[in-house]
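Novice: this one's sequence-less:
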């Protein structure tokens, strides 16, 4: 029992920042990301004996973090669909969490904020699987093979998700800028 506790402490120490950062990239709220990280490590503790070493341990932990983050986003979307309770309890818009660029030019600063908000809204409108593949590739720098391993799918499925995500983002952003 003592060995298991020590192993778990080492796993948390080694992977905690990666898990929090991964969750944050999906939920855009540090407190939620830290809560989700706790859920990830609870899940890890419960299912550590079931780890079959078919993938690297870090990949397995990352997959749990992505799944927990997506589940969290689905819960938020469900709440948002059924009522305005979300606004009443003060859950913030993730786009508001994006830091403004550091510049002396107020007009450039406002344009940067608007661009960031527009991009975040476009990303949020993507289906979960496209958003996940896109973020893993463009923000995290994972290869298509690594993304396929994380999402438990094929490389060609990842390529298809990436193609559709890019096309959807292009269409949404193009439509917006055509109106300007």
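Specialist: That came through, no problem. Everything numeric in this text was worked out from a predicted model, so none of it was measured. Numbering: from 1, shown residues only.
Novice: what's near enough to touch residue 23?
Specialist: 32, 33, 34, 36, 37, 40, 65, 68, 69, 72 (Cβ atoms under 8 Å, 6 or more residues apart in numbering). All C-beta spots, glycine's among them, are computed from the backbone N, C-alpha and C.
Novice: 10 Å instead?
Specialist: 29-30, 32-40, 65-66, 68-69, 72 (Cβ atoms under 10 Å, 6 or more residues apart in numbering).
Novice: check which helix or strand covers it.
Specialist: helix 2-27 (DSSP states H and E).
Novice: again with residue 44
Specialist: Residue-wise, residue 44 maps onto helix 30-47 under DSSP H and E.
Novice: same for that helix, what does it pack against?
Specialist: On a contact count with 3 or more Cβ pairs under 10 Å, 6 or more residues apart in numbering; DSSP states H and E, helix 30-47 meets helix 2-27, helix 57-82.
Novice: Give me the distance from the first one to the chain's centre.
Specialist: Read that as helix 2-27. Mean-position distance between helix 2-27 and its chain equals 16 Å (Cα atoms, centre = their mean, to the nearest Å).
Novice: That one versus helix 30-47: what angle between them?
Specialist: 140 degrees (axes from the mean of the first three to the mean of the last three Cα atoms, to 10 degrees).
Novice: Buried residues, helix 2-27. List them.
Specialist: Buried residues in helix 2-27, counted by 16 or more other Cβ atoms under 10 Å: 11, 12, 15, 19, 20, 22, 23, 24, 25, 26, 27.
Novice: what's near enough to touch the residue most central in space within the chain?
Specialist: Nearest residue to the geometric centre of the chain (Cα atoms, centre = their mean): residue 26, 2.3 Å. Residues counted as contacts of residue 26 (Cβ under 10 Å, 6+ apart) are 32-33, 36, 65-66, 68-70, 72-73, 94, 128, 131-132, 135, 139.
Novice: at 7 Å what do you get?
Specialist: Residue 26 makes contacts with 69, 70, 73, as judged by Cβ atoms under 7 Å, 6 or more residues apart in numbering.
Novice: Identify whichever of the helices and strands packed on helix 30-47 lies nearest to residue 155.
Specialist: Nearest to residue 155, of all the helices and strands packed on helix 30-47, is helix 57-82, at 15.0 Å by Cβ to Cβ.
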